[in-house]
Each structure stands twice: as structure tokens, then as C-alpha cells.
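What follows is a protein structure lacking sequence information:
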């Protein structure tokens, strides 16, 4: 048998590498890029009313009117195809002027069932300044949205509005998430 030349050895090594890479990538699936522009154009109707401005809306008239010191936030979601593939992320918090120290808010988000309807709404009765670090800061202070607890992830469901009662001066922000991959099984 004749020994292989350097060129033949390189060709064989490259062929084996290409075959090995093909076998390894066989299990992966290509996915289409996510159309974030579509998610950014979803028209979620957001209504904010306190005691003096309260007017019952058709979609949320079964929910209680806001009480003194609380503001009602109503998110009405548009109907989508395959709503099970979407999630709504909600953050409750306050805009604060902060320095480099870590700042937290303290409060409890209660999930309340609407008697006789089975619908739920969320209520925060009080938001207080929480613990903060005490580092020396040399940078200027800046405005930042401080989140109460953690962000809430809710099922996307356009059949009922998402209703929140928050203390005055507390804000609600939200965004929509979409799944882009199928479920995979672990260990396979």
C-alpha cells in the first residue's frame, strides 16, 4: 500500500470534518427569525382611571370601581391567532431618581377573584421604599423604573381584560412575548 500524500491527508480530514459536522447538526432545527416588528405593532388598549375619572367600560364593567388612593389600570388585548403561543409580561413599579445604589420597592401583589364571575384582577394596596445598598456614588443621579418584586408573566387571553389596582404614583408597564420554538424533550 502506497503512503498518502499530505494533500490526500488534508482532503480526507476535511471530508471527515464535514461529515461529522453534518451528523452533529442533524438534530438542530432552523427557525425563522422572529418578527419583532409585529409584536411592537400590537395595539393593546390601556386605560387608567382614578376615583374622579372613573367611567365603567363595556369590557371591564364587572370589576369594582377604584377606591380612594388607588388607580385602575385596564389592559384590553387584541385577538390573535394561536394566543397560546403568546405571553404578557407586566411590571409594576415607580419611576425614581436614583444613584448607583441598588434600590428596591416593597409591596404585595394580591391576586383577587371577582366573586360570581371567576375572573381575577390584581391589587397592590401599598408600595414602600425597600432596602438599598450604601455605596459611595460618583456618577450623577438618573431616572429609572424600579420594579416591585418580579415581573409577572400572564397568559395572553384577549377574551377578558387584565385589570390592576395600583396606588397613586405607581405605574404599570407591559410587553408581549411570543414563542419561537417547539417543545423539546430533555435527555434526547
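Sure, I can see it. Only a predicted model underlies this, so the values are computations on that prediction, with no experimental measurement involved.

Could you count how many residues lie near the residue lying closest to residue 67 once chain neighbours are set aside?
Sequence neighbours aside, residue 51 is the residue nearest to residue 67 in space, at 6.9 Å (criterion: CB to CB, 6 or more residues apart in numbering). All C-beta atoms are positioned from the backbone trio N, CA, C, and that covers glycine. Neighbourhood size, residue 51 [other CB atoms under 10 Å]: 14.

just residue 149 next, same as before
Around residue 149 sit 16 other residues, with neighbours defined as other CB under 10 Å.

Spit out the contact partners of it.
Residue 149 makes contacts with 92, 105, 107, 109, as judged by CB atoms under 8 Å, 6 or more residues apart in numbering.

would a markdown table of those residues with neighbour count, distance to residue 120 and pLDDT be doable?
Formatted as a markdown table, those follow (neighbours: other CB atoms under 10 Å; distance: CB to CB, whole Å; pLDDT from 0 to 100):
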| residue | neighbour count | distance to residue 120 | pLDDT |
| --- | --- | --- | --- |
| 92 | 25 | 15 | 97 |
| 105 | 18 | 22 | 94 |
| 107 | 19 | 18 | 95 |
| 109 | 16 | 12 | 96 |
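
State the pair within the residues you listed that is farthest apart.
Farthest-apart pair in the contacts of residue 149 is 105 and 109; separation 11.1 Å (CB to CB).

Identify the contacts common to those two.
By CB under 8 Å, 6+ apart, residue 105 and residue 109 have these common neighbours: 148-149.

from the contacts of residue 149, which single one is nearest residue 98?
residue 105 (11.4 Å).

What strand or helix carries residue 81?
For residue 81, there is no host helix or strand (DSSP states H and E).

Near it, how many other residues are there?
By other CB under 10 Å, 6 other residues sit near residue 81.

got the residue ranges for the helices in this structure?
Counting by DSSP state H, one finds helices in the chain at the ranges 6-25, 36-40.

State the distance from residue 165 to residue 67.
In this view, residue 165 and residue 67 are 8 Å apart by CB to CB, to the nearest Å.

scratch that, residue 168 is what I was asking about
Using CB to CB, one gets 11 Å for the distance from residue 168 to residue 67.

in this structure, which segments are predicted with low confidence?
By pLDDT under 70, the weakly predicted segments of the chain are 1-2, 4-11, 13-40.

where exactly do the strands run in it?
Listed in chain order, the strands of the chain (DSSP state E) span residues 45-49, 70-76, 86-98, 103-106, 109-113, 120-124, 128-132, 142-147, 152-155, 162-167, 171-178.

Which of residue 165 and residue 67 has more residues huddled nearby?
Taking other CB under 10 Å, residue 165 and residue 67 do not tie; residue 165 has more neighbours (22 against 13).

any idea which residue sits dead centre in the chain?
Nearest residue to the geometric centre of the chain (CA atoms, centre = their mean): residue 89, 2.7 Å.
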